[in-house]
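A.B. asks: pasting a predicted model and its sequence here:
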Amino acid sequence: MQKYLIYVVVSLIIGLILGSAATYAFAGTAAPLPTGLPSEIPIGALLPLTGKLSSFGEKWKYALELAEEDINAYVSKLGLDVRFKIYVEDTKTSPEGALAALQTLSAKGIKLVVGPAASSEVAAIKSHADANKIIVFSPSSTAPQLAIKDDYIFRAVTSDVYQGRALARLMWDKGVRKVVIIYRGDDWGVGLFNVVKERFEELGGQVKEVKYDPEAPELSTEVRTLSDLVKEFEADDETAVLMISFEDDGINILSLAKEDPVLTKVKWFGTDGIAYSTKIAKQVGDIVESLGVLATIYLPEESPKKERFKEKFKARYGIEPDPYTYNIYDATWILALAVLEAGKYDSEVIAKVIPEISSRYFGVSGWVLLDETGDRVGEKYVITTVVSENREYVWKDVGVYIGPLDKVEWYT
């Protein structure tokens, strides 16, 4: 077993040097099969294939197809007679759907899961996952209140403690001193709102709020309230709206806002709930461009490995990956490598191995270092907006927030 672990570590180092997803661990001799591994190793996936984050779910499903191919190619080069198989379930972008989907995977004996997308979904499945020792590795859940030690939840993204600071600094640097925040009344929306409010007020700003029901079919009442509060702030150059939404509710809010003479006068900002959303760009790209919405989202490190993955993804599927697409690909790899290092499909053992595997893993999203709560370490956020190019609306990166410096740098 020790000899096998050396092969795995060496292969990881070679992969880092060569920048490839799967590399030869050694040549000429097959590695012994770790005791206790089944011939098929299942990994579950909880994806928002329908619902308010569905355009992200589509990309992530494609990323998992690539991950399964690449991981099994790697395993084959190790000479191991095992195959990883990914089982996908639709969460419908809802807490209830996420729990039902996890229970379906659990009934199949699956103990390792990538996803789900939303923090409200992670919160809904946490008790079931912890009680049944099911490892959950989310690529995009960011609610600060889910950063808990010694549980079975891992997150391949940084907590919104950092995104909140990024948004506050971004708005402040754009001359905003008064902001009305319209936000989802769920775990993610409330958590991010609290962080932004605290930090923006620390900087000297003023905050008003409109909280809405994430399940509300339409938000005209809330948008009228938003307009009234913006008017109370005088709707001047120092006033802004921050929208903490997903895709569908964001489309609803933006569609209503474009008809409001007060809301179209002020600056607009968004979050990772809409950044790089193809649905947002296609359905309300003209509104996002006219309002000048600037949105933030976690920024994976630039590397040749990331670029190769991006080009392969675009060539096969015809769309660009978003940052969380890189994350879910890497989360799947980390789970697979943790299984191989553990030598058995035992989630208790695998959970203990994941932090160490992550600490030496450099993937398409960069280094995946985890803190003591199982959340990713990293404080860079890209600032992106929608522009019109070649008769279509697309997302374009315009700057970056650097956490350790609490500084925004604009691209030229």
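C.D. replies: Ah, there it is. Numbers count the residues shown, from 1 in each chain.
A.B. asks: residue 206 and residue 240, how far apart?
C.D. replies: From residue 206 across to residue 240, the span is 11 Å (C-beta to C-beta, to the nearest Å). Backbone N, C-alpha and C define where each C-beta goes, glycine included.
A.B. asks: which ones are touching the nearest residue to residue 380 once chain neighbours are set aside?
C.D. replies: Closest residue to residue 380 apart from its sequence neighbours, by C-beta to C-beta, 6 or more residues apart in numbering: residue 299 at 4.3 Å. When contacts are counted by C-beta atoms under 8 Å, 6 or more residues apart in numbering, residue 299 touches 323, 380-382, 400.
A.B. asks: mind checking which of those land in helices?
C.D. replies: residue 323 (DSSP state H).
A.B. asks: for residue 396, helix, strand, or coil?
C.D. replies: Here residue 396 is strand, with the state taken from DSSP: H, G, I helix; E, B strand; the rest coil.
A.B. asks: that one touches residue 387, doesn't it?
C.D. replies: Yes: shown here, residue 396 and residue 387 form a contact pair, counting by C-beta atoms under 8 Å, at 4.7 Å.
A.B. asks: one step back: now render the contacts of residue 299 as CSV, adding pLDDT and neighbour count.
C.D. replies: Conversion of the contacts of residue 299 to CSV gives the following (pLDDT from 0 to 100; neighbours: other C-beta atoms under 10 Å):
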residue, pLDDT, neighbour count
323, 96, 20
380, 95, 17
381, 97, 29
382, 97, 22
400, 98, 18
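A.B. asks: phi, psi for residue 76 please.
C.D. replies: phi -60, psi -40 (degrees, to the nearest 10).
A.B. asks: swap that for residue 66, sorry
C.D. replies: According to degrees, to the nearest 10, residue 66 has phi -70, psi -40.
A.B. asks: got a list of what the nearest residue to it once chain neighbours are set aside touches?
C.D. replies: Closest residue in space to residue 66, ignoring its immediate chain neighbours: residue 329 at 6.5 Å, by C-beta to C-beta, 6+ apart. Neighbouring residues of residue 329 by C-beta under 8 Å, 6+ apart: 63-64, 66-67, 309, 363-365.
A.B. asks: follow-up on the earlier one: please flag which of the contacts of residue 299 sit within strands.
C.D. replies: Judged by DSSP state E, strands contain the following of those: 380-382, 400.
A.B. asks: quick check, nearest of these to residue 247?
C.D. replies: Nearest to residue 247 among the ones in strands among the contacts of residue 299 is residue 382, at 18.2 Å by C-beta to C-beta.
A.B. asks: could you pull up the residues touching the closest one?
C.D. replies: 275, 296-299, 323, 397, 399-401.
A.B. asks: and the closest residue to it other than its chain neighbours, what pLDDT?
C.D. replies: Nearest residue to residue 382, sequence neighbours excluded (C-beta to C-beta, 6+ apart): residue 299, at 4.2 Å. What the model reports for residue 299 is a pLDDT of 92.
A.B. asks: mind checking how far residue 299 is from residue 379?
C.D. replies: Residue 299 sits 9 Å away from residue 379, going by C-beta to C-beta.
A.B. asks: list the residues that are in contact with both of the two.
C.D. replies: What both residue 299 and residue 379 touch, as defined by C-beta under 8 Å, 6+ apart, is an empty set.
A.B. asks: re the thing from before, okay, the ones in strands among the contacts of residue 299 in a markdown table with distance to residue 257 next?
C.D. replies: Listed next are the ones in strands among the contacts of residue 299 as a markdown table, based on distance: C-beta to C-beta, whole Å:
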| residue | distance to residue 257 |
| --- | --- |
| 380 | 29 |
| 381 | 24 |
| 382 | 24 |
| 400 | 27 |
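A.B. asks: residue ranges for the strands of the stretch 51-200 of the chain, please.
C.D. replies: Taking DSSP state E, counting those that start in this stretch as the test, the strands found in the stretch 51-200 of the chain are 83-90, 112-114, 135-138, 153-155, 178-184.
A.B. asks: residue 353: which of these is closest?
C.D. replies: strand 135-138 (10.3 Å).
A.B. asks: name the strands paired with the closest one and say parallel or antiparallel.
C.D. replies: strand 112-114 (parallel), strand 153-155 (parallel) (DSSP bridges).
A.B. asks: comparing the ones you listed, which comes out most buried?
C.D. replies: Comparing the strands paired with strand 135-138 by mean neighbour count (mean count of other C-beta atoms under 10 Å), strand 112-114 ranks first with a mean of 29.
A.B. asks: which residues touch that one?
C.D. replies: Contacts of strand 112-114 (C-beta under 8 Å, 6+ apart): 42-46, 64, 102, 105, 129, 134-139, 328, 331-332, 335, 339, 347, 350.
A.B. asks: tell me which residues in stretch 99-112 are buried?
C.D. replies: 99-102, 105-106, 110-112 (16 or more other C-beta atoms under 10 Å).
A.B. asks: cool, and stretch 308-318?
C.D. replies: 309, 313, 317.
A.B. asks: now that stretch, how far from the chain's geometric center?
C.D. replies: 19 Å (C-alpha atoms, centre = their mean, to the nearest Å).
A.B. asks: thanks again, I'm all set now.
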